[in-house]
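Participant: please work out how this folds:
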Amino acid sequence: MVINMNKDFVNVSVIIPVYNGESTIKRCIKSVLKQTYENINEIIVVDDGSIDCTRDIVNNIAKNDLRIHYIYKKNGGVSSARNIGIKNAHSDYIMFVDCDDEIKMDLVDSLAHAICSYDMAIAGVELYQDNRISKIEADGLYTSIEVINKYGNELPSLLLNGPCSKLYRNSIIKENSILFDENFSLGEDTLFVFQYLKHCNTINFIRNSGYIYYQLGNNSLMTKIRKDAYFNAKKVYGKLTQIVFEICNGEVPVTFKRVYRNVLMVYIRKTIINKKYIEKKYLNDIINDFMQDEIVNDLIYDIKDINFMQKLINKLIEKKDDKMLSCLLKIHVKLRGD
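Facilitator: Presented below is the predicted three-dimensional model:
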């Protein structure tokens with residue numbers, strides 16, 4: 001049972017992982033220091049082996065604020081940095097901010113108000129991407145099962161796919177040994193959030209897009225991807241499917257299956273667009289794997305799934321992308337059962 005607490009008793013640790021962040025880390029930390037909320041007990045900056053001026057910048061800021069704790073570690077990836085932050089967090093509540101992002105002045109205050117009687121508070125995101133700014137928000141109280149059922153629909157997937165813009169109870173994290181999986185460099189943040197959801201009764205979504213998320217160029221379909229990206233994504237979503245199965249009492253909702261399918265489709269498309277870096281056999285392997293996937297096949301007769309494919313095909317016809325179109329047509333035939 002969660003104790004109803006006044007927000008003034010909600011003390012917070014902010015964890016900032018950083019690697020070679022000399023161009024953004026000052027902006028990030030300053031945005032935390034400018035918070036209107038007074039009970040931020042510690043700001044833990046975990047440096048994942050930076051070789052630029054990150055250390056000097058953080059230490060200079062820390063001279064004027066004793067709440068800033070700088071931890072330097074050997075390079076091991078963002079998951080290991082976040083895990084060290086968790087292990088060194090002593091407040092009752094934890095929040096993550098990535099070093100190339102920032103937060104608006106009232107974000108922590110809003111989250112502290114929102115979590116008092118609940119297990120998790122999730123704010124909106126102001127997304128900066130490809131010269132566009134968009135707000136992604138949700139509102140209301142949900143159980144963990146309701147969150148899964150609405151994932152990707154009423155509840156935008158971006159709000160659940162990463163650890164930021166959220167306030168967590170440290171007790172839930174520590175008592176259930178919830179950490180970031182350091183074996184993955186893709187999707188590990190989504191795994192963390194879903195592992196946490198397993199132990200939640202009620203999650204409070206608030207309409208405050210106070211987390212500023214800079215996604216500048218790194219999410220483009222033209223970005224060169226690792227050869228094994230598709231199969232890594234499939235491994236992650238295989239783990240997520242198991243967590244969803246447990247949360248939803250032995251079922252995997254069709255809404256989650258669609259998200260699973262969409263993610264694999266994104267990596268197929270990225271692989272095709274980056275085909276000059278990829279062997280033809282590998283491309284054939286991932287398309288065949290997709291066509292034989294159990295969850296994809298579960299959606300064969302799902303009207304929304306067929307409509308999704310048709311929209312993609314129409315778009316490719318419009319763009320005259322013959323090679324991608326050929327691949328998608330093969331998948332579309334499979335989905336239709338023709």
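Participant: how is this protein partitioned into domains?
Facilitator: According to automatic domain parsing, the chain comprises the domains 9-214, 229-336.
Participant: quick check: mean pLDDT of the shortest one?
Facilitator: For domain 229-336, the mean per-residue pLDDT is 75.
Participant: also stretch 64-80?
Facilitator: Rounded mean pLDDT across stretch 64-80 is 97.
Participant: can you pull the buried residues of that stretch?
Facilitator: Neighbour-count burial for stretch 64-80, with 16 or more other Cβ atoms under 10 Å as criterion, is recorded at I68, H69, Y70, I71, G77, V78, S79, S80. Just so you know, the C-beta spots here come from the backbone N, C-alpha and C atoms, and that holds for glycine as well.
Participant: and if you look at stretch 105-116?
Facilitator: Within stretch 105-116, the residues that count as buried by 16+ other Cβ under 10 Å are D106, L107, V108, D109, S110, L111, A112, H113, A114, I115, C116.
Participant: again, but for stretch 255-265
Facilitator: T255, F256, K257, R258, V259, Y260, R261, V263, L264, M265.
Participant: so what does the closest residue to the fifth one other than its chain neighbours look like in phi/psi?
Facilitator: Taking Cβ to Cβ, 6 or more residues apart in numbering, and ignoring the residues beside it in sequence, V259 has G152 as its nearest neighbour in space, at 4.3 Å. Summarising the backbone geometry of G152 under the convention degrees, to the nearest 10, its torsions are phi 90, psi -10.
Participant: G152: how many residues sit nearby?
Facilitator: The local packing of G152 (other Cβ atoms under 10 Å) involves 21 other residues.
Participant: hmm, it is touching F256, no?
Facilitator: Yes - with contact defined as Cβ atoms under 8 Å, G152 reaches F256; the gap is 7.5 Å.
Participant: so which elements touch the strand or helix carrying K26?
Facilitator: Per DSSP states H and E: K26 is located in helix 25-33. Judged by 3 or more Cβ pairs under 8 Å, 6 or more residues apart in numbering; DSSP states H and E, helix 25-33 is in contact with strand 12-18, strand 40-47, helix 54-62, strand 102-103.
Participant: about what we covered before: and which of the buried residues of stretch 105-116 is nearest to E246?
Facilitator: Set against E246, the nearest of these by Cβ to Cβ is I115 (23.6 Å).
Participant: show me what contacts the residue nearest to that closest one when sequence neighbours are not counted?
Facilitator: Sequence neighbours aside, A121 is the residue nearest to I115 in space, at 3.9 Å (criterion: Cβ to Cβ, 6+ apart). Residues counted as contacts of A121 (Cβ atoms under 8 Å, 6 or more residues apart in numbering) are L111, A112, A114, I115, K166, L167, I203, N204, F205, I206.
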